[in-house]
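Colleague: how would this look folded up:
(3 chains)
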Amino acid sequence: MFDMVGAWDEGLDDAQLSAATHGDGPLVVVAGAGTGKTRALTARVAWLLERGVAAERILLLTFTRRAADDMLARATALIGAEPGTRRPRGGTFHAVAHRYVAAYAASLGLPDSFTVLDPGEAADLMDLLRGQHALVGTDVRMPRSATLVEAYSRCINTQRPLREVLAVDYPWCEPHLEAMADLFRAFTARKRSAALVDFDDLLLYWRALLGHAELGPELAGLFDHVLVDEYQDVNSLQVDIVRSLRPEGRGLTVVGDDAQAIYGFRGADARHLHEMTERWADTTVVRLEHNFRSRQPVLDLANAVRPVENGQQLELYSDRPPGARPRLARCHDTPAEARAIADGVLEAHARGVALRQQAILVRAAHHSDLVEIELSVRRIPFRKYGGLRFLEAAHVKDFVTAARLLDNPHDEIAWFRLLRLHQGIGPARARALVAQLRPGSDNVLAHWPDAVAAAPAATRTALSGTFDGLVAARTRSTAGERAEAVLGVLRPLVTARYPDAAARLEDLGRLVDSAAGIDDLRGWLAELTLDPPRSTGDLAGPPHLDEDYVVISTIHSAKGLEWSIVHLPHVIDGAFPSDMALKSPAGLAEERRLFYVGVTRARDELTLYAPLRMPHHRHGRDDRHSFAPASRFFDAAAMATLEIEELTPVRERVPAGPATPVEVDLAPLWR
DNA sequence: GGTAACTGGGTTTTT
DNA sequence: CCCAGTTACC
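Modeller: Predicted coordinates for the structure are as follows:
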């Protein structure tokens, strides 16, 4: 038994307690926003450990690795296990899948040196292959490579045939059905031959391992308990995996809230949460409705906009002292909105609310553009999460690409990218050079001299430098040294390629620093791909305690988090809800759930902003927006929970012009 | 034939 | 700000 450090059940309410101490039968915890779901789950892990379940026989699947680490740390702290002792297993579906795929690579027919392809690289591969599949040309609208990857991924994640996916989600692509099917076949074949594994493959391979007659039961038998967080956001592939892990439902706990299902675009379906009770008749459902986070006026709005269509009725209530009603600020235009937000942040800061207790949550990353400018002008520090991520920056991709080649020289995409980085090498010559290297053959690097000889004279010095650098990098023993050597290869290329090379090299320097002390470069790269830094600041290590900054985040990335004060800009039809999503009732429903997630992040104060004009949308595209506060979110009952505030524009007063003309004379300069 | 430099049009959300 | 399409140079 363990020493009890603090009672794991301290402060739990009855519902949380019954979830934590539930026996072995299938358990569904329907947890409204802010109802202490993480606490309940953590307490359950602690309870299981206390009952003598071995730590390593518990598997915790969460949405982000951060959530898993957080929960594992809290659970082990609760039961007082010493650090370094056996810990529960856990991580995201993809990260855990990666572990199994790496462990059983040989059984899956993969070389140990396989590399994990991020969606951007998958798109590059699609581009490389599409030429052979009648998917190029300018006469009719062709799907972009990112769209191709999306459609492919949707087929995998929903396990629906391409024909159906195109009909429902990409009707304008239907004429290309045959070509796309061909392309997708070639895509999977090429991934196989080049030892490339994309995100979807990780899940497919894990499922295949679990489905194997002998290995499957053995893998499932490693665990007594499987706990899955955010179950409303799993797709059918993940459901298959969970069912293989717990075929009888014994020892299965899932936690979720169908009103917070916001990943439909990724193949997730909240119906999986409801189907638990249908699949296993002995499923226990525990509902958490007591909100520990927000004040009641915020919850009044949340309850008013909570979607009810699927029947999980749930009414959030709070014991906290009541506070101000959420405000709906109607602003003149988007610059006025940005000023109002900055005003609000400073005003709250003056009242003693730290910047880190304040967040600006947006539907789409670019919705905060003007706010970011306004904050910068007023010297209010901020950090942005979600949206364009660090790993998508061109120079970071260049680095990761080059580093991968050390382990997997058969990665054509990587060669293609690295070669094009050289002055004088474009797509055509890069393709020719890749052909010279013959990826897939025994010793790829041995073909390099031939390739260099075949390249234009002006490029040979640089190419040789890259070649020698890579060969030298391969001889380094530690991951840190290897990363350093890769940076050495890239430095001249990045310097020549990007006008702002200094800043980019600084980024890469930080990346290389974070690789110091790692012993496995390949694993580090895979982890970087699966769980990339969420903001550029993340690489600098844990922030200093005295560092204070406002958080700007997409609502998607803000899931599970909370702040004292939350600002929601652009709450107008067309922006939020996004006009991209309004084509279908399902799309609008998801926008509504997203709004619900945004609203319920606020502990104390919430302000929604409705700019009445969008001057920064160019020439006449304004008509896409109705400029009304998001009417589709607010019915009369919801409006009644709001304090409406009109922010009238303040016109700057300037004195009238003088009677005598004001002149500008440049003539002296030219004398 | 192939690359670089420029121009104009478009932009959801993420493991 | 990124991509595609165009044009001017090697």
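Colleague: Share the number of residues neighbouring the residue of the stretch 51-200 of chain A found nearest DNA strand B, please.
Modeller: Residue nearest to DNA strand B within the stretch 51-200 of chain A: A:Thr92 (3.5 Å; Cβ to the nearest atom of the strand). The C-beta positions use only the backbone N, C-alpha and C, and glycine is treated the same way. Neighbour count of A:Thr92, defined by other Cβ atoms under 10 Å: 20.
Colleague: Phi and psi next, for the closest residue to A:Asp269 other than its chain neighbours.
Modeller: Once flanking residues are discounted, A:Asp269 sits nearest to A:Asn235: 6.8 Å by Cβ to Cβ, 6 or more residues apart in numbering. Dihedral angles phi and psi of A:Asn235 (degrees, to the nearest 10) take the values phi -100, psi 180.
Colleague: Distance of A:Asn235 relative to A:Thr35?
Modeller: 25 Å (Cβ to Cβ, to the nearest Å).
Colleague: Which one's more surrounded, the two?
Modeller: Neighbour count, other Cβ under 10 Å: between A:Asn235 and A:Thr35, A:Thr35 has more, with 26 against 23.
Colleague: Surely the more buried one and A:Leu316 touch.
Modeller: Yes: using Cβ atoms under 8 Å, A:Thr35 is in contact with A:Leu316, at 7.2 Å.
Colleague: For those two, list the residues in contact with both.
Modeller: Shared contacts of A:Thr35 and A:Leu316 (Cβ atoms under 8 Å, 6 or more residues apart in numbering): A:289, A:291.
Colleague: Kindly list the main-chain dihedrals of A:Ala329?
Modeller: phi -100, psi 120.
Colleague: How about residues contacting the helix or strand harbouring A:Ile360?
Modeller: Using DSSP states H and E, A:Ile360 sits in strand A:358-362. With Cβ under 8 Å, 6+ apart as the test, strand A:358-362 has contacts from A:341, A:345, A:348-349, A:368, A:371, A:382, A:550-555, A:558, A:561, A:563-570, A:576, A:598, A:601.
Colleague: From the residues you listed, pick out the ones that also neighbour DNA strand B.
Modeller: Near DNA strand B, judged by Cβ under 7 Å from any atom of the strand, the entries from those are A:Thr554.
Colleague: Selection in ChimeraX covering whichever of the contacts of strand A:358-362 are buried, please.
Modeller: Those of these that count as buried under 16 or more other Cβ atoms under 10 Å are selected in ChimeraX with:
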select /A:341,345,348,349,368,371,382,550,551,552,553,554,555,558,563,565,566,567,568,569,570,576,598,601
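Colleague: Please narrow the contacts of strand A:358-362 to those residing in strands.
Modeller: Using DSSP state E, the members of the contacts of strand A:358-362 that fall in strands are A:382, A:550-554, A:563-568.
Colleague: Nearest to A:Leu215 among those residues?
Modeller: Distance to A:Leu215, by Cβ to Cβ, is smallest for A:Thr554 among the ones in strands among the contacts of strand A:358-362, at 38.9 Å.
Colleague: distance of the closest one from A:Ala364?
Modeller: A:Thr554 sits 7 Å away from A:Ala364 when distances are taken as Cβ to Cβ.
Colleague: sorry, back to before: now do the strand holding A:Ile360, average pLDDT.
Modeller: What strand A:358-362 shows for mean pLDDT is 94.
Colleague: hmm, that strand touching DNA strand B?
Modeller: No: Strand A:358-362 stays clear of DNA strand B (Cβ under 7 Å from any atom of the strand), getting no nearer than 8.0 Å.
Colleague: For that strand, which strands pair with it and how are they oriented?
Modeller: With DSSP bridges as the test, strand A:358-362 is paired with strand A:550-554 (parallel), strand A:563-568 (parallel).
Colleague: hmm, back to that, how many neighbouring residues does the closest residue to the residue of the stretch 51-200 of chain A closest to DNA strand B other than its chain neighbours have?
Modeller: Excluding its sequence neighbours, the residue lying closest to A:Thr92 (Cβ to Cβ, 6+ apart) is A:Arg65, at 5.8 Å. The number of residues packed near A:Arg65 is 17, by other Cβ under 10 Å.
Colleague: For A:Arg65, give me its contacts.
Modeller: For A:Arg65, the contact set (Cβ under 8 Å, 6+ apart) comprises A:91-92, A:95, A:530-531.
Colleague: Which of those residues fall in strands?
Modeller: If you go by DSSP E, those have A:Gly91 in strands.
Colleague: any residues touching stretch A:416-434, and which ones?
Modeller: Outside stretch A:416-434, the residues that reach it (Cβ under 8 Å, 6+ apart) are A:124, A:128, A:397-398, A:401-402, A:405, A:412, A:415, A:451, A:454-456, A:458-459, A:462-463, A:466, A:490, A:493-494, A:496-497.
Colleague: Can it be said to contact DNA strand B?
Modeller: Yes: residues of stretch A:416-434 contacting DNA strand B under Cβ under 7 Å from any atom of the strand: A:423-430.
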